[in-house]
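Visitor: Need the 3D shape of this:
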Amino acid sequence: MVTTNYDLLIEHAIIKSDLLVSYGGLPAQEMNVPVLKIHGSCNFLPDLMPNQISGIGFDLSQSEGGSILEAGIKVARSAKEIIDFCNNEDSIAPAIAMYSPSKNVLFCPKFVKYQQQEWLNSLRSTSRIYIIGLRVHLVDDHIWGPLSKGKTPIYYVGFEPDEFLEWARCNNRKHAYVLSETFESALPKIARHHQFR
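Guide: Here you go, the predicted model:
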């Protein structure tokens, strides 16, 4: 499973299903659902001593895609841990891509790049791609570029089906289908796709 969301809604749904989350590609251990968060996540915390970097600011006006800090990641185990981190750290943040066309990751970009590479690897081995709630935004070439080059069938779920079909036409992307407008109405169709595997 791949997401561009920073939140933990997918993780909560997985855990409520009595499964575990694995932040890596395939294969995953039994009872683990692999989740790749290609824009980072609010629970990807820099693995540093508390308040190790404190009381400073950063001038990003001259920055062109660089990062501020490279460090290991520790995955927060609870919402409280994330909130405590954000309340206590005044100079660093979780590994999350900035909401801008460049998608710079200022803190711990190496781990986010690993997530992105695993996503690209998974594109080569999957038999179907479902795009759910992600609008075609050509500036996000790191998403739509690789998708335009593959041959794997793509099923789109969202409120901009014409944009998706136009993208497919412009990229000569065969096997691109509109499945539904909403996730709720798409679920039975997705389930039917997987009954015969």
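Visitor: Show residues contacting the longest helix anywhere in the chain.
Guide: Longest among the helix segments of the chain by residue count, using DSSP state H, is helix 109-125. Contact partners of helix 109-125, identified using C-beta atoms under 8 Å, 6 or more residues apart in numbering, comprise 2, 23-26, 36-40, 44, 67, 70, 72-73, 95, 97, 105, 129, 142, 146-147, 150, 152. Every C-beta, even on glycine, is put in place using the N, C-alpha and C of the backbone.
Visitor: Give me the mean pLDDT for that helix.
Guide: Per-residue pLDDT over helix 109-125 has a mean of 93.
Visitor: That helix: what's the following helix or strand?
Guide: Using DSSP states H and E, the helix or strand that directly follows helix 109-125 along the chain is strand 129-132.
Visitor: list the buried ones in that following strand?
Guide: Ile129, Tyr130, Ile131, Ile132 (16 or more other C-beta atoms under 10 Å).
Visitor: Look at the residue of the chain positioned farthest from its centre and give its secondary structure.
Guide: Relative to the C-alpha centroid of the chain, counting by C-alpha atoms, centre = their mean, Gly55 is the outermost residue, at 30.5 Å. Here Gly55 is coil, with the state taken from DSSP: H, G, I helix; E, B strand; the rest coil.
Visitor: Could you measure from it over to Asp84?
Guide: 18 Å (C-beta to C-beta, to the nearest Å).
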